[in-house]
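Enquirer: structure, please.
(chains A and B)
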Number of protein chains: 2
Amino acid sequence: MKSHKEEVASAPAKETLAEGKFIKLSKIGNWEFAERNNAGGAVVIVAITKKGKLLMTEQYRVPVQARVIEMPAGLVGDIPGSEDEAWAVAAQRELLEETGYSAKKMKHLTSGPVSAGFGNETMSMFLAKGIEKTEKGGGVEGEDIVVHEVPLKRVPAWLRKKQRAGVLVDPKVYACLYFALESEGA
Amino acid sequence: MKSHKEEVASAPAKETLAEGKFIKLSKIGNWEFAERNNAGGAVVIVAITKKGKLLMTEQYRVPVQARVIEMPAGLVGDIPGSEDEAWAVAAQRELLEETGYSAKKMKHLTSGPVSAGFGNETMSMFLAKGIEKTEKGGGVEGEDIVVHEVPLKRVPAWLRKKQRAGVLVDPKVYACLYFALESEGA
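Expert: Residues are numbered from 1 along each chain as shown, chains lettered A, B, ... in the order given. Presented below is the predicted three-dimensional model:
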């Protein structure tokens, strides 16, 4: 039987192939993947207004060089001094920054790897409870986020219309749609 | 009015910060992101058996160093000589390799960026039509994929049970669950 020490010694170690300011390229054995330097993970927020409308964001995304429909979302712990920010608190902050809606509570829905073969980033999805428009939204400095409010049942047709107009749609929107429909008992 | 040439000249160019064998680190302006070198994108497959069970995969993923529940999925055009492989054909190939199920047809569901702030990878989701078990499955050489067949309505509870046991769940599974329920008229 191998001792614990031997087992650890025989597992391939993680190498850093290259380190950018925000992202690094890592390798374990033959497997290459990407990591963020400055964030604990991402939060994604399912927020439904009192009138049954789902909040979605639209913004230009540099990596894909196109406008993208996404859920309100953001990084956890990427603000210097707030690296230990709780995930639910980050979800409340991001929802407010991006959409101008305050949430009384955040209910955890699920957590998991964004793209388990490509990177080690984890995301957590939250359902915002008791939301109310209290600010302007649109994101922080350098962000230019358009907020859409779409009746839940019309979301799939609305997304297809956006795609026909050349706007990309993050497939995670459909995961949030699953949770939104479940929460509304639809 | 700017000429086309001036406009192109004023847009920030893409720099390659580092290049691995499979992934590279790129930068446009101040935005860093990750790219794959060898693939056109990823296909994700929603496959439901005649008995109404959803096919899901479980495998160890190096970047997150854990077992992960995902949908049958794979890269498009990562096989030398097949770089132009059609996305629906790649979906049929990946479903067969991973699960042992052949599909008569693949219906396109949606396409979009996997993580628009982090990388430029695109994924397409397909609904497999007329599936039949014809091979063993489990993946190609070097892969060790366990296939799960779970009744559609029991999927959410089954996923939570897996998570309690320490297995990670890719949140995209819930996007596929949305499409699976929709296709079954549930």
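
Enquirer: list the contacts for the residue in chain A that chain B sits nearest to?
Expert: Nearest residue of chain A to chain B: residue A:18, at 3.0 Å (Cβ to the nearest Cβ). Bear in mind the C-beta positions are built from the backbone N, C-alpha and C, glycine included. Residues near residue A:18 by Cβ atoms under 8 Å, 6 or more residues apart in numbering or on different chains: A:24, A:25, B:17, B:18, B:20, B:25.

Enquirer: for the first one, pull up the helix or strand it's in.
Expert: Meaning residue A:24. strand A:23-28 (DSSP states H and E).

Enquirer: now the phi/psi pair for the closest residue to residue A:88 other than its chain neighbours, please.
Expert: The shortest distance from residue A:88 to any residue other than its chain neighbours is 4.2 Å, reached at residue A:106 (Cβ to Cβ, 6 or more residues apart in numbering or on different chains). Backbone geometry at residue A:106, expressed as degrees, to the nearest 10, gives phi -120, psi 130.

Enquirer: related to what we said a few turns ago, can you pull the pLDDT of the residue of chain A closest to chain B?
Expert: In this model, residue A:18 is scored at 83, pLDDT.

Enquirer: please, which helix or strand holds it?
Expert: strand A:14-19.

Enquirer: and that strand, which residues are buried?
Expert: A:14, A:17, A:18 (16 or more other Cβ atoms under 10 Å in any protein chain shown).

Enquirer: now the residue nearest to the second one when sequence neighbours are not counted: how far from residue A:76?
Expert: Pointing back at residue A:17 there. Of all residues not flanking residue A:17 in the chain, residue A:25 sits nearest, at 4.3 Å (Cβ to Cβ, 6+ apart). Going from residue A:25 to residue A:76 by Cβ to Cβ, to the nearest Å gives 22 Å.

Enquirer: how about residue A:101?
Expert: In terms of Cβ to Cβ, residue A:101 sits 19 Å off from residue A:76.

Enquirer: residue A:119 now?
Expert: Residue A:119 is 15 Å from residue A:76, by Cβ to Cβ.

Enquirer: pull the helix or strand with minimum mean pLDDT from chain A.
Expert: helix A:4-10 (a mean of 48; mean pLDDT, DSSP states H and E).

Enquirer: hang on, the earlier thing: what number of residues lie near the residue nearest to residue A:17?
Expert: 23 (other Cβ atoms under 10 Å in any protein chain shown).

Enquirer: hey, what's it bridged with?
Expert: Legend: beta-bridge partners of residue A:25 under DSSP bridges are residue A:18, residue A:34.

Enquirer: could you chop chain A up by domain?
Expert: As assigned by automatic domain parsing, chain A contains the domains A:10-36, A:41-183.

Enquirer: tell me the most buried of those domains?
Expert: domain A:41-183 (a mean of 19; mean count of other Cβ atoms under 10 Å in any protein chain shown).

Enquirer: gap between the two ends of that one?
Expert: 24 Å (Cα to Cα, to the nearest Å).

Enquirer: can you give me the strands in chain A?
Expert: A:14-19, A:23-28, A:31-36, A:41-46, A:53-61, A:66-70, A:73-76, A:101-113, A:122-133, A:146-151, A:168-169 (DSSP state E).

Enquirer: adding distance to residue B:89, write those strands out as a markdown table.
Expert: What follows is the strands of chain A, written out as a markdown table (distance: least, Cβ to Cβ, whole Å):
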| stretch | distance to residue B:89 |
| --- | --- |
| strand A:14-19 | 32 |
| strand A:23-28 | 30 |
| strand A:31-36 | 26 |
| strand A:41-46 | 32 |
| strand A:53-61 | 28 |
| strand A:66-70 | 25 |
| strand A:73-76 | 33 |
| strand A:101-113 | 27 |
| strand A:122-133 | 30 |
| strand A:146-151 | 34 |
| strand A:168-169 | 23 |
